[in-house]
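>>> 3D model of this:
(one chain, ligands or ions: 2)
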Amino acid sequence: MVSKRACRRRDDRRSVAASWAGDPIGWMRQGNHNGEGDLMRSIFTQPVRAFEGGATGPSAEDVLCINTIRTLSMDGVQKANSGHPGTPMAMAAPAYALWQNVLSYDPADPLWPNRDRFVLSIGHASMLIYSLIYLAGIRDVKHGTVLDAPSLTLKDLEQFRQLDSRTPGHPEYHHTAGVETTTGPLGQGCGNSVGMAMAEKWLATRFNKPGFPLFDYHVYTFCGDGDMMEGVASEAASVAGHLRLGNLTWIYDSNRISIEGSTDIAFTENVQKRFEGYGWHVLEVKDANDQAAFLAALADAKAETGRPTLIIVHSVIGWGAPHKAGTASAHGEPLGDAEIRGAKKAYGWPEDKSFYVPDGVLEHFQKGLGARGAAASAQWKALYASYARDYPDLAKEVDAILSNRLPEGWDKDIPVYEPSAKGVASRQSSGEVLNAIAPNFPWLIGGSADLSPSTKTNLTFQGAGSFQPPEWNGTYGGRNLHFGVREHAMGSICNGISLAGIRAYCSGFLIFSDYMKPPIRLSALMNQPVVYIFTHDSIGVGEDGPTHQPIEQLVQLRATPGVTLIRPADANEVAEAWRTLIPMTDRPSVLILSRQNLPTVDRTVYAPASGLAKGAYVLGDCDGTPDVILMATGSEVGLVVSAYETLKAEGVKARVVSMPSWDLFEAQPKEYRDSVLPPTVTNRVAVEMASPVGWDRYVGLSGSIIAMHGFGALGPGRRNCSRNSASPSKPSWPKRASRWPRVDSWPGRPPRGAPRPVSVTERGGDRLLAGDNPP
Ligand SMILES: Cc1ncc(C[n+]2csc(CCOP(=O)(O)OP(=O)(O)O)c2C)c(N)n1
Ligand SMILES: [Mg+2]
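Residues are numbered from 1 along each chain as shown. Ligands and ions are numbered 1, 2, ... in the order given. From the prediction side, this is the model:
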C-alpha cells in the first residue's frame, strides 16, 4: 500500500476531492498548471498499480517498457548515489509514448538528417534519455560514422555519473550518440530547440522540391518548471511564436515541484495564457500516465502547422515511490532502498532486481520506434538518391552541410584594404567582409539582437532576404535572422541552428555579451562553430556612458575554454580574422570590433595582416634585440604603433606586436611564440582599453599594462579616449617613460572603494628608456 500523503492546500475552502472516473492508474489528484483551482498533489487514495491496459490504456508490453525506463532510472541514480530519479519516473510514460509511437528516428542511423529531434531540456533527468537510448538500441557514432555497436549498454547505465562514463550527469552532445544537444543549464534546451526548428524551416525552404520533401522533421522538447521559469526559454518561446514554428512541440512536465519544494513559493503564473500570448497552440494532458490523451495531444500538435505547440502534462514526480512521490526529495537524490522497493512493488516489479530488463522489452522497441524509423530513413535515402540525380548542385550543398565542409571558393571575394590614415571602423569592414563571404557560402546565416544597423551584420546582397514566416510576408529561406532584443535566446538559438549543420552567426554590443555567457559556453562545450560578433568594443563607445562600456568582457570570453577570441586592429586584420575563423568548424569564435574608425595600417611598411592567423605577430621591428616590446589588440594597436614610431625616432630599439588572439597565439609552437616575444626582452608594455587581467602573462612581472580599472566615463568617444596622452585621435607619447600614462590612463569611474591603480612608473616603466632589462 502506498501511504496517503499530507494534503497541501493553498486554499482550504477549495475542494480537494477529485476522482477521475475510469482512471486506470488508481491515484487521484486535482489542480492545474496555472495555480488555479486546487493544488492537491500526490494524494494517493489507492495503491499505485501498474497500468491495466484497456481501451485507453497502454498494452502490457508498453507497461513493461515504461516500468523498465522507470526502474533503470531509479537504479542508475541509486548506484551512482547521486542524480535525479523523480522526473524520469514520472515522465517515462509520455517519453515512451513519444518515442515508441511518434518519433521518426532510426536507431540504426542516429545521423539520418531528417530524423525528428528529441531535446531533453530537463537535462537533470538524464537517466530518462539514457534508458531510452539503451532500450531503443541507438547505435554509437564516432567521428561522424555510425558504428555497429550500441551507443549505450546496460553496463553504461550502471556507470551513470562515473568518471569517463558514457552516461554523464547531464546529457552531452557528441559524448553519447542519441543526445542531440548538451543540456543541464535549464532553459538552454528550449532555446536550442527553437534553433533546430528554424534550421528545419530553412533547410526545407532551400532544398525541398516538388516530390522531394527532404526536410520535414519535427522537434520535440521535454521541459520542466525550471525551464518555464528561465528567461531564456521565454525569449525563445516568444521568437518561436512570432516565427510560427509549427514544427516545434514542447512537452512541459508540470509537476509543480522544483528543488525548494512546491513551485507555489515562486511560480504561480498562468503558463497556458502566457504561451497563448506568445502565439502558441496550448494543449493540456491531465495525467502523465494517460497514454491515449498524450498521443492525441501529440497528433494535435503535429496537425497544427502554423504555430508551435506546448503540451502541458501534469505529472507526479517520483510517481510510484511510496513516500517520496510528489515531493521535492524525489527531485535530486537517490530514493533509497526502501523507497525503491516500494516503488517496484507498486509497479508490479521484482523488488530484488536491479537494472532489470525483462525479456521482450528491447524487441518491443524495435517493433515500434525501430521499425518505423528504419522504414522512414530507408525511404528518405532512396528519395535523396533520386534528388541527387535531379538536383546535383543542391545535393552537393546538402552533402557539404551534413559533412561539415565549406563550399569551394567561399573566401574568393574577401577584400584587401588600402592603407588609410582615416581608416574604417572594424565593425564596418567586418560587415563588408561578411557580405563578401556570404554570397559564396549559402548556408551562412545569422543576425543580431535588434542591432544590425550598428553591428553591420545585415546581409545586403540581392536575394539574402529576411527569415520570416509567410504570414509576415517573408520566407523561411531568408538569411538575415531577426532575434529581437533577446541576446540570451539568440545565442541559444544559434547553437540549435548550428547543431543542424548550418553555419550561424549572431551579433550585439560587446557589453551585452554578458547576457550571452551560457550559450557561448555551451557552443564551446559542444564544439559548435557559432560566430559571435561583438561591436562597440571599448570605452570608445563614448556617449552611452559606463553602462555601455565593456571592461571585463574580454577577460571572461578569453577565459572560456574552447572559445577563440579575435580582436583585429584594422580592416585587413578583419579580413584575415574572417579568413581564419570560418575554417574553424570545431569551436565557436568571437570577433571583437570597434565602433570608431581605425587607421588602415600600411602593409608595405608594416608586416602583412596574414600574421593574424598565428594570434600575434611582429608588426614593426628594430635591428637586433629590442629594448622594449609594445603589444596591443584592436583599436589600441594604432596607439602602440605611434608610440613605436616615436621611440624609434628617439633611437630606442622598439618592437610592436599586434596580438589579436591570445588563443591562436597559445596554439603556436614555442619557437614561434618566443620569436615574437623573446623571453630575454622583459621590458614590455601591453595596451588594451579593457581590464588588465591576464596581460601579466605577456608583460611579465616587470612589464607594464595600460588598461582600464574603472567602468569608463561619459562623453563623446573621441574625447573619452583622448583626455590624456593615450589618444587614438592625437597620439603623442612622452619621451620619458616616467611620464607614460598611468595604468588607468583612460578616464574612468572606479568602483567605490577600488584600490588605487598602480602607475606604469611604479611598475618599472621608467626602465623602458633606461634600457635596463631586469631578469
Ligand atoms: C540555469 C539553471 N539554474 C539552476 C539549475 C539547478 N537546478 C537543476 S534542476 C532544478 C529545479 C528544476 O525544477 P524542474 O524543472 O521543475 O524539475 P523537476 O524538479 O520537476 O525535475 C534546478 C534549480 C540548473 N540546472 N540550471
Ligand atoms: Mg518540476
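>>> ok and the residue in the stretch 401-550 of the chain nearest ligand 1?
P518 (7.2 Å; CB to the nearest ligand atom). For every residue, glycine as well, the C-beta is placed using N, CA and C.
>>> how much space is there between the closest residue to that residue other than its chain neighbours and V232?
Spatial nearest neighbour of P518, chain neighbours left out: P185 (5.3 Å); criterion: CB to CB, 6 or more residues apart in numbering. P185 is 9 Å from V232, where distance means CB to CB, to the nearest Å.
>>> These two: which is more packed in?
Applying other CB atoms under 10 Å to P185 and V232 shows that V232 carries more neighbours, namely 28 against 20.
>>> Which helix or strand contains that one?
Using DSSP states H and E, V232 sits in helix 231-243.
>>> quick one: that helix to chain centroid distance?
15 Å (CA atoms, centre = their mean, to the nearest Å).
>>> One more: stretch 480-493?
11 Å.
>>> mind listing what's buried in that stretch?
N480, L481, H482, F483, R486, E487, H488, A489, M490, G491, S492, I493 (16 or more other CB atoms under 10 Å).
>>> can you pull out the strands in the stretch 551-700 of the chain?
Assigned strands in the stretch 551-700 of the chain, in chain order: 564-566, 589-592, 597-600, 617-620, 628-632, 654-658, 684-687 (criterion: DSSP state E, counting those that start in this stretch).
>>> The stretch 301-450 of the chain against ligand 1: which residues are in contact?
Proximity of the stretch 301-450 of the chain to ligand 1 (CB under 6 Å from any ligand atom) is limited to residues I317, H331.
>>> Strands of the stretch 301-450 of the chain, residue ranges please.
Under DSSP E, counting those that start in this stretch, the stretch 301-450 of the chain gives strands at 309-314, 420-425, 444-448.
>>> what ranges of the stretch 501-650 of the chain fall below the confidence cut-off?
Along the stretch 501-650 of the chain, segments meeting pLDDT under 70 span 542.
>>> before we move on, the earlier item: can you redo the buried residues of stretch 480-493 as CSV with secondary structure?
Shown next, in CSV, are the buried residues of stretch 480-493 (DSSP: H, G, I helix; E, B strand; the rest coil):
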residue, secondary structure
N480, strand
L481, strand
H482, strand
F483, coil
R486, coil
E487, helix
H488, helix
A489, helix
M490, helix
G491, helix
S492, helix
I493, helix
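>>> Can you name the two of the residues you listed that sit furthest apart?
N480 and H488 (20.1 Å; CB to CB).
>>> Quick check: what element follows the host helix or strand of the residue of the stretch 401-550 of the chain closest to ligand 1 along the chain?
Element membership for P518 (DSSP H and E) is helix 517-525. Downstream of helix 517-525, the next assigned helix or strand under DSSP H and E is strand 531-535.
>>> mind showing which ranges of the chain have poor pLDDT?
1-57, 542, 713-775.
>>> mind running it again at 90?
The chain contains residues with pLDDT under 90 at 1-59, 471-474, 538-549, 639, 646, 650, 701-775.
>>> What parts of it come near ligand 2?
G224, D225, N255, I257, S258 (CB under 5 Å from the ion).
>>> List the ones among these that fall in strands.
Counted as lying in strands by DSSP state E, out of the residues of the chain next to ligand 2, are G224, I257, S258.
>>> need the contact list for the closest residue to the first one other than its chain neighbours.
Distances taken as CB to CB, 6+ apart put I122 closest to G224, at 4.3 Å, once the chain neighbours are dropped. For I122, the set of contacting residues under the criterion of CB atoms under 8 Å, 6 or more residues apart in numbering consists of T87, M91, T183, L186, G189, F222, C223, G224, G226, D227, D253.
>>> Need the max-distance pair from those.
M91 and L186 (15.2 Å).
>>> Who has more neighbours out of these two?
Ranked by neighbour count (other CB under 10 Å), M91 and L186 place M91 first, with 28 against 23.
>>> Look up how far ligand 1 lies from that one.
9 Å (CB to the nearest ligand atom, to the nearest Å).
>>> before we move on, back to that, can you redo the buried residues of stretch 480-493 as CSV with distance to D537?
As requested, the buried residues of stretch 480-493 are exported to CSV (distance: CB to CB, whole Å):
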residue, distance to D537
N480, 23
L481, 22
H482, 23
F483, 20
R486, 21
E487, 16
H488, 20
A489, 23
M490, 18
G491, 18
S492, 23
I493, 23
